[in-house]
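Peer 1: Predicted model and sequence follow; I will ask about them next.
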Amino acid sequence: MNFLHNHNQKLKDIIDISHDKYINAEPFPHIVIDNFFNEEVLNDIIKEFPSNIDSIGIKYDSDPEQKLSLDDPNKIGLKTKEFFNYINSHEFLNFINKISGIKETLISDPYLWGGGLHELRNNGYLNIHADFNKHPQTGLDRRVNALVYLNPEWKEEYGGSLQLWDRDMKKCVKKINPIFNRLVVFNTNDYSFHGNPDPINHPDKNISRKSIALFYYSNGRPKSDLFGSPKTTNFQNRPNTKDSKKITTYKKLFWKLFYKTKIEL
């Protein structure tokens, strides 16, 4: 299956054109690429997107996040699974490695831990945060996020824009509308604060914000990333808001069980 419009040549061209743009982007290294994948492939994924993620997936229901996710490869459709196989492949990993400039060899996650299919229905949101830094099963270091949006004709007023904040949490540097076939790739470290804190407010309550999330890892990372001991998601409060960063007790215990260390929240 041809997942990209121009496949290998397109990846090489994007690396040549966008590598410097990626590593010099503010507030942290990232890139936004529109019309990246074959539209037919993404339309097939939308058709397979489960309508019952709330019952077969994971429901995050706490003050800083109201979202649904499905990270079980056994519960996703065949064409969706083929797409995950591609963006976890050597070919795509090589693209992410080169465009990001990360020296360590990147490793995909076939377990889709924390990734997979994400959905935010009306009133759903995800407050600003820095991501967990260690894969709880492999112990590898989380380095890059790749997000693929699946929302045709999505308007900014519907909410759910991805926000990128500066490391001091003083201002939002960039807002990215989650429109169909938009790929966002960014480095994850101790200060890559991001999220979509504006609740979904679509006029049609049957339409939700859908996305695909892939995380890439390495065995070791630079000290400049500032991570110390393993940490879970580090939520932040935006200035002059009532955002909450208090996660549920069960989630704290869950991460402590995996890491077997004290996690500061």
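Peer 2: Perfect, thanks for sending it.

Peer 1: all helices in the stretch 151-265 of the chain, in order from the N-terminus.
Peer 2: When secondary structure is read from DSSP state H, counting those that start in this stretch, the stretch 151-265 of the chain shows helices at 249-259.

Peer 1: what stretches of the stretch 101-250 of the chain score poorly on pLDDT?
Peer 2: 226-230, 245-250 (pLDDT under 70).

Peer 1: in this protein, which spans are strands?
Peer 2: With DSSP state E applied, the chain shows strands at 30-34, 58-62, 65-70, 116-120, 125-130, 141-149, 162-165, 172-176, 182-187, 194-196, 209-218, 234-235, listed in chain order.

Peer 1: can these go into CSV with extra columns for mean neighbour count and distance to N88?
Peer 2: From N, CA and C alone the C-beta is placed, and that goes for glycine too. As requested, the strands of the chain are exported to CSV (neighbours: other C-beta atoms under 10 Å; distance: least, C-beta to C-beta, whole Å):
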stretch, mean neighbour count, distance to N88
strand 30-34, 17, 18
strand 58-62, 14, 20
strand 65-70, 21, 16
strand 116-120, 24, 11
strand 125-130, 22, 23
strand 141-149, 22, 10
strand 162-165, 22, 22
strand 172-176, 16, 23
strand 182-187, 21, 14
strand 194-196, 25, 22
strand 209-218, 22, 7
strand 234-235, 21, 26
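
Peer 1: Give the full set of residues in contact with E153.
Peer 2: Contacts were defined as C-beta atoms under 8 Å, 6 or more residues apart in numbering; by that measure E153 touches F180.

Peer 1: redo that, cut-off 10 Å
Peer 2: I179, F180, I207 (C-beta atoms under 10 Å, 6 or more residues apart in numbering).

Peer 1: and which of the residues you listed is nearest K67?
Peer 2: The shortest approach to K67 among these belongs to I207, at 15.6 Å (C-beta to C-beta).

Peer 1: Show the contacting residues for that closest one.
Peer 2: Each residue near I207 by C-beta under 10 Å, 6+ apart is listed here: R121, N122, N151, P152, E153, W154, Y158, I200.

Peer 1: Now restrict these to buried residues only.
Peer 2: Listed as buried from the contacts of I207 are R121, N122, N151, W154, Y158, I200; burial here means 16 or more other C-beta atoms under 10 Å.

Peer 1: out of these, who's nearest I45?
Peer 2: The closest of the buried ones among the contacts of I207 to I45 turns out to be N151 (C-beta to C-beta; 12.1 Å).

Peer 1: That closest one reaches I179, doesn't it?
Peer 2: Yes - because the distance of 6.1 Å satisfies C-beta atoms under 10 Å, N151 is recorded as touching I179.

Peer 1: And for D109, the neighbour number?
Peer 2: The criterion is other C-beta atoms under 10 Å. On that basis, D109 has 21 neighbouring residues.

Peer 1: for it, what are its contacts?
Peer 2: 71, 84, 88, 115-116, 135, 137-138, 140, 142, 214-217.

Peer 1: Output these as a markdown table; include the columns distance to C172.
Peer 2: Compiled in a markdown table, these are given as follows (distance: C-beta to C-beta, whole Å):
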| residue | distance to C172 |
| --- | --- |
| D71 | 28 |
| F84 | 30 |
| N88 | 31 |
| G115 | 24 |
| G116 | 27 |
| H135 | 29 |
| Q137 | 33 |
| T138 | 33 |
| L140 | 30 |
| R142 | 23 |
| L214 | 24 |
| F215 | 23 |
| Y216 | 25 |
| Y217 | 27 |
